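J.: Coordinates only, no sequence provided:
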């Protein structure tokens, strides 16, 4: 009698945890198309999407002992990929922001103390802005942008309505926009937080 697909998958996940490369290959070929489509949807780059897919499955293999066969493997893959996309995007945007900063300061004639920003404090500016958010707003924001949870997942975890979660994130982004606009860094850096909306 043929086992249901989910039961077969559990078997392969158990075998993967034990280091079975054949099960790994099977899961790779089964989920690669869906994961690639997801990554491409977010990155709009075939090369970046392919890189993220490869990184995701490398991490799956390296951390296979952590896999829980009773949980959704598809969701686990998506979460790893989202974190990789977030990290890659953050680095790209940070690099872009730094270039913009250098161009702006190189062409600026009025170099008053108030206008000068130490390059190494840009992350501190963002972190300070996040830390100054109201408690629940900050908690919701970090769960969304740093932990990669969906609005519904946050609502379920914090026992809030989905609309309340969305309002908290909207308010947090508005506050950060205003903060970053003081340094003329709104465009490159706010995307850092908005990209995975």
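T.: Done, it's in. Everything numeric here is computed off the predicted structure, so don't read it as measured data.

J.: quick one: what helix or strand has the residue nearest the centre of the chain in it?
T.: A centroid search over the chain (Cα atoms, centre = their mean) returns residue 86, at 3.1 Å, as the residue closest to the centre. Secondary structure from DSSP states H and E places residue 86 in helix 73-107.

J.: Equivalent analysis for residue 157, please.
T.: Secondary structure assignment for residue 157, by DSSP H and E: helix 151-158.

J.: for that helix, which positions count as buried?
T.: 151, 154, 155, 158 (16 or more other Cβ atoms under 10 Å). All C-beta spots, glycine's among them, are computed from the backbone N, C-alpha and C.

J.: list the contacts for residue 140?
T.: Residue 140 makes contact with 154, 158, 160, 165, 168, 169, 172, according to Cβ atoms under 8 Å, 6 or more residues apart in numbering.

J.: any idea how far it lies from residue 178?
T.: Between residue 140 and residue 178 the computed distance is 18 Å (Cβ to Cβ, to the nearest Å).

J.: Check residue 151 too.
T.: For residue 151, the distance to residue 178 - Cβ to Cβ - is 23 Å.

J.: One more: residue 86?
T.: Residue 86 sits 23 Å away from residue 178 when distances are taken as Cβ to Cβ.

J.: Could you do residue 47 as well?
T.: From residue 47 over to residue 178 the distance is 35 Å, taken as Cβ to Cβ.

J.: Also residue 88?
T.: Using Cβ to Cβ, residue 88 is found at 27 Å from residue 178.

J.: Compare the two (neighbour count), which wins?
T.: residue 88 (15 against 11; other Cβ atoms under 10 Å).

J.: That one and residue 49 touch, don't they?
T.: No - using Cβ atoms under 8 Å, residue 88 makes no contact with residue 49, being 10.8 Å away.

J.: could you list every residue that touches the residue nearest to residue 82 when sequence neighbours are not counted?
T.: Closest residue to residue 82 apart from its sequence neighbours, by Cβ to Cβ, 6 or more residues apart in numbering: residue 148 at 4.6 Å. By Cβ under 8 Å, 6+ apart, the residues touching residue 148 are 79, 82, 83, 86, 196.
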